[in-house]
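Novice: One predicted model, sequence on top.
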Number of protein chains: 2
Amino acid sequence: MGVIETTKSRAKRVEKAIELPLELPVGRILDGDCVDAMRSIPTGSVDLVFADPPYNLQLGGDLNRPDGSHVDAVTDHWDQFDSFKVYDDFTRDWLTEAKRILKPDGALWVIGSYHNIYRVGAILQDLGFWILNDIVWRKSNPMPNFRGTRFTNAHETLLWCSQGEKAKYQFNYRAMKTLNDELQMRSDWVLPICNGAERLKEGGTKVHPTQKPESLLYRVLLATTERGDVVLDPFFGTGTTGAVAKRLGRQWIGCEREGVYRDAALKRIEKELPLDESALTTMQAGRSAPKVAFGALVENGYIKPGTQVFDKKRRWVATVRADGSLAYEKQTGSIHGLGKELQGAPSCNGWTFWHYESEGEVKPVDAARKLYLLAVED
Amino acid sequence: MGVIETTKSRAKRVEKAIELPLELPVGRILDGDCVDAMRSIPTGSVDLVFADPPYNLQLGGDLNRPDGSHVDAVTDHWDQFDSFKVYDDFTRDWLTEAKRILKPDGALWVIGSYHNIYRVGAILQDLGFWILNDIVWRKSNPMPNFRGTRFTNAHETLLWCSQGEKAKYQFNYRAMKTLNDELQMRSDWVLPICNGAERLKEGGTKVHPTQKPESLLYRVLLATTERGDVVLDPFFGTGTTGAVAKRLGRQWIGCEREGVYRDAALKRIEKELPLDESALTTMQAGRSAPKVAFGALVENGYIKPGTQVFDKKRRWVATVRADGSLAYEKQTGSIHGLGKELQGAPSCNGWTFWHYESEGEVKPVDAARKLYLLAVED
DNA sequence: GTTTTGGTTGAATCTACGG
DNA sequence: GCCGTAGATTCAACCAAAA
């Protein structure tokens, strides 16, 4: 067959089908304090927690741009804490509950800035979470430092953690590599801040002061969850996590104290449509590393032996052989190896390098792989 | 004159000339544990501390404390909590000494990875350090994640802190903007890791496992120190900090336990040549934006009394008076103050707000200031 | 319709000095 | 400490209106 399913993922799927829908408030926003709300969630029942807690910004007076206009700052009461001690206690409380409700193989994401992330990071380590990566969200369009007093604060930090040093976790390496143009996804992500049509507004003013971009959640969920997984966001806000989860065929639970945010989130998620089966399946294919040998495509008739394959500029035209190897003049090799040799390159992704004609169109051989995966996965 | 020198910088220069050379082991590497070594440094005597502490948290297997001493697993109950505690104690110790030896207007830099930086960050906040920025060193050529189990760990984090929330600090805004092609320098820096000729090697193997690139120190020192400042590095290693400090005309002190590193560092710094006067002066000029009073331009004939000045849209046309104040109808004030009042704005930069005609062209009054500075600077 | 220009805005720990 | 005044500060993206 060529597609390998691990015992882990099989077990996980069974567990999901039987247990989860019975107990979890999936697709709902729990009212009230997030710690109280999480207490109603069974132990070990959630696949992923994504948290965007208050940053404890501690802003001083007003700030104006050089043109005299006023900067609309985060002055909301929910971001005010009296001291590090109060903030630390708050952080320890919600992280403790998050750890409890997560499955043993679940994972936690937290986003923050330098105001809070060092406290959050130290506390989650103390609680036994194991940091897998710290991810830097490099904003392509940050707010400048108007007074020229510091470096432009152009990034935020995300921490990705497993339940402990030895704990398993989900990482969809292939999906990330595909998303990153066949290079390993790095720990720094360049993404724009949330504005334009995506930004929720009510009467011209933003509904939430710190709405996160959907692209950020898209990458987080695509990288570290599977279809059907349950994702909980204890600081749900206007529901970016829920919207993206629904789109990607993940289940979601939110906690949010403010009625205004809850209402906006529900309306937003209502409008969201899940990606259709084929798109999700394709992603799944890219995701859980079912390594397909080119030979399997030949074996199964997706690429016929004798087919001519060529690079985009048609510098080289090679022939597919029955065993899945390619032949070009006297050279032979795998799709990757031959591509590498012909180009004299240090490496080559044969899936995207080689193309073939099908129904009058030129397609990368990766297209055949995707067709194959579609057929195999159901 | 028109060029204002602040009392702060004047005081600083005097202080440097009189006190520092007498007491500080400048240009020397102190032997032994860094905390002990720092104890020999007078309180409030150092302008900058740059620290690249170890993060040898070894969980499981043989355990060593950060000072190198071995933990007896038989007598010491050792778990993750203990190992964090040992590291935290070590961190608190050296940060406490660093805080003591720093001048009230001094600053601290620490570099680390996700293994240790969250602990360091939380502790330095607890000690009263005030984080000014966290800087992401984005490696242009990181080591890939060979097993495909996580995101490529492609960055390290630096924390830049003042002595406290209200403390002053040095930030050479102009120098950074110049270095960054006239855009504000951001909190994410793209720099290659240290390799090639820069990497110290002995018989083919690297002398130090984590030698930092000189470009990193160059940016740190250029951004946050002045010529002649004293920079102390408590984990000196092979002396990158010292080498770059010498090149940039800063004074340096190192602490290093390992004789091998001390020897390599001394040899390396010996070979380093300070940049010549003109290179350093040029950088200095870009840096500290001498302040010019508008009155000085009038005094010196760059703007004549009676000149009509106006905003871009010519909503207001004011007259320059002999004392450098402006008059509009019955209102008078400085270029900044009047501009602010007329617009009803919270602030106004008169230099760019007001314009005048000269040789048939409309120019901001800032153009006159630049002419004046050109004439004065040589 | 297309391009240009001007206005607005975003998780921000955002001044220095003298009296 | 506080208060008042002089002086020095912005980048990318999106949108709407004008050309």
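Specialist: Here it is on my side, so go on.

Novice: I'd say A:T43 and A:R100 touch.
Specialist: Yes: at 5.4 Å, A:T43 counts as touching A:R100 under the criterion of CB atoms under 8 Å. Every residue, glycine included, has its C-beta placed from N, CA and C.

Novice: Out of the two, name the residue with the larger neighbour count.
Specialist: Neighbours per residue, other CB atoms under 10 Å in any protein chain shown: of A:T43 and A:R100, the larger number sits with A:R100, 15 against 10.

Novice: Show me where chain A has its helices.
Specialist: Secondary structure of chain A (DSSP state H): helices located at A:7-18, A:20-23, A:34-39, A:84-101, A:117-126, A:173-179, A:214-224, A:240-247, A:259-271, A:277-287, A:294-299, A:335-343, A:350-353, A:365-377.

Novice: okay, now A:E270: neighbour count?
Specialist: By other CB under 10 Å, the residues close to A:E270 number 10.

Novice: Check A:T91 too.
Specialist: 26.

Novice: how much space between the residue lying closest to it once chain neighbours are set aside and A:G350?
Specialist: Leaving aside its chain neighbours, A:T91 sits nearest to A:I123 (5.1 Å; criterion: CB to CB, 6 or more residues apart in numbering or on different chains). Note on A:I123: its distance to A:G350, by CB to CB, to the nearest Å, is 46 Å.

Novice: What of A:E270?
Specialist: Separation of A:E270 from A:G350 (CB to CB): 44 Å.

Novice: what's near enough to touch A:Q125?
Specialist: By CB atoms under 8 Å, 6 or more residues apart in numbering or on different chains, the contact list for A:Q125 reads A:I131, B:F84, B:Y118, B:R119.

Novice: What's the local residue count around the closest residue to the last one other than its chain neighbours?
Specialist: When you say that, I think you mean B:R119. Nearest residue to B:R119, sequence neighbours excluded (CB to CB, 6+ apart): A:A122, at 5.1 Å. Per other CB under 10 Å, the neighbour tally for A:A122 reads 23.

Novice: ok, A:A122 - contacts?
Specialist: B:Y118, B:R119, B:G121, B:A122, B:I123.

Novice: Please apply the same query to A:G239.
Specialist: Here A:G239 is in contact with A:I29, A:G254, A:Y261, A:A264, A:A265, A:L266, A:R268, A:I269 (criterion: CB under 8 Å, 6+ apart).

Novice: so can I have a markdown table of those residues showing pLDDT, distance to DNA strand D and neighbour count?
Specialist: A markdown table is the format used below for these (pLDDT from 0 to 100; distance: CB to the nearest atom of the strand, whole Å; neighbours: other CB atoms under 10 Å in any protein chain shown):
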| residue | pLDDT | distance to DNA strand D | neighbour count |
| --- | --- | --- | --- |
| A:I29 | 98 | 27 | 21 |
| A:G254 | 98 | 26 | 28 |
| A:Y261 | 98 | 22 | 22 |
| A:A264 | 98 | 18 | 21 |
| A:A265 | 98 | 21 | 26 |
| A:L266 | 98 | 23 | 18 |
| A:R268 | 97 | 16 | 17 |
| A:I269 | 98 | 21 | 22 |
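
Novice: Closest one to A:I111 out of the residues you listed, please.
Specialist: A:G254 (15.6 Å; CB to CB).

Novice: about what we covered before: okay, the helices of chain A, which one's buried deepest?
Specialist: helix A:240-247 (a mean of 26; mean count of other CB atoms under 10 Å in any protein chain shown).

Novice: right, is that helix up against DNA strand C?
Specialist: No: shown here: helix A:240-247 not in contact with DNA strand C (CB under 7 Å from any atom of the strand), separated by at least 11.5 Å.

Novice: now that helix, how far from the chain's geometric center?
Specialist: With CA atoms, centre = their mean, to the nearest Å as the basis, helix A:240-247 stands 11 Å off its chain's centre.

Novice: how much does that helix deviate in direction from helix A:214-224?
Specialist: 60 degrees (axes from the mean of the first three to the mean of the last three CA atoms, to 10 degrees).

Novice: what does helix A:240-247 contact?
Specialist: A:29, A:50, A:194, A:211-214, A:216-218, A:221, A:231, A:233, A:236, A:251-252, A:254, A:265, A:268-269, A:272-275.

Novice: again, only using 6 Å
Specialist: Here helix A:240-247 makes contact (CB atoms under 6 Å, 6 or more residues apart in numbering or on different chains) with A:50, A:212, A:214, A:217-218, A:221, A:231, A:233, A:252, A:254, A:268-269, A:272, A:274-275.

Novice: Can you narrow the residues you listed down to the ones near DNA strand C?
Specialist: Okay, of the contacts of helix A:240-247, nothing touches DNA strand C (CB under 7 Å from any atom of the strand).

Novice: which of those lies closest to B:W94?
Specialist: The shortest approach to B:W94 among the contacts of helix A:240-247 belongs to A:F50, at 35.3 Å (CB to CB).

Novice: does that closest one really touch A:L232, like I thought?
Specialist: No: counting by CB atoms under 6 Å, A:F50 stays clear of A:L232, with 7.6 Å between them.

Novice: relative to its centroid, which residue of chain A is most remote?
Specialist: A:K330 (44.3 Å; CA atoms, centre = their mean).

Novice: And it, its phi and psi?
Specialist: phi -90, psi 0 (degrees, to the nearest 10).

Novice: A:H70: neighbouring residues, count only.
Specialist: With other CB under 10 Å as criterion, A:H70 counts 11.

Novice: excluding its backbone neighbours, what's nearest it?
Specialist: A:N64 is the one closest to A:H70 (CB to CB, 6+ apart), at 5.7 Å.

Novice: where does the stretch 201-350 of chain A come near DNA strand D, residue by residue?
Specialist: Close to DNA strand D, as judged by CB under 7 Å from any atom of the strand, the stretch 201-350 of chain A has no residues.

Novice: With the stretch 1-150 of chain A instead?
Specialist: For the stretch 1-150 of chain A, the residues in contact with DNA strand D (CB under 7 Å from any atom of the strand) are A:64-67, A:140-148.

Novice: Go through the contacts of A:G239 and say which is closest to chain B.
Specialist: Lowest distance from chain B to the contacts of A:G239 (CB to the nearest CB) belongs to A:G254, with 26.1 Å.

Novice: Not counting sequence-adjacent ones, nearest residue to the closest one?
Specialist: A:G254's closest residue in space is A:F236 (CB to CB, 6+ apart), at 3.3 Å.

Novice: so the one you found touches A:E256, yeah?
Specialist: Yes: at 4.0 Å, A:F236 and A:E256 qualify as touching, with contact defined as CB under 6 Å.

Novice: what is in contact with these two at once?
Specialist: By CB under 6 Å, 6+ apart, A:F236 and A:E256 have these common neighbours: A:I29.

Novice: returning to that earlier point: report pLDDT for the residue nearest to A:H70.
Specialist: Predicted confidence (pLDDT) for A:N64: 93.

Novice: List the contacts of A:T352.
Specialist: With contact set as CB under 6 Å, 6+ apart, A:T352 has these partners: A:P364, A:D366.

Novice: Count the neighbours of the residue in the stretch 151-300 of chain A that DNA strand C sits nearest to for me.
Specialist: Closest approach between the stretch 151-300 of chain A and DNA strand C, counting by CB to the nearest atom of the strand: A:T210, at 3.3 Å. A:T210 has 19 neighbouring residues, counting by other CB under 10 Å.

Novice: For DNA strand D, see how far away the residue nearest to it when sequence neighbours are not counted is.
Specialist: Nearest in space to A:T210, with sequence neighbours left out and distances taken as CB to CB, 6+ apart, is A:V74 at 6.5 Å. Distance, A:V74 to DNA strand D, by CB to the nearest atom of the strand, to the nearest Å: 18 Å.

Novice: before we move on, what about A:D311?
Specialist: Distance, A:D311 to DNA strand D, using CB to the nearest atom of the strand: 32 Å.

Novice: Sounds good, over and out.
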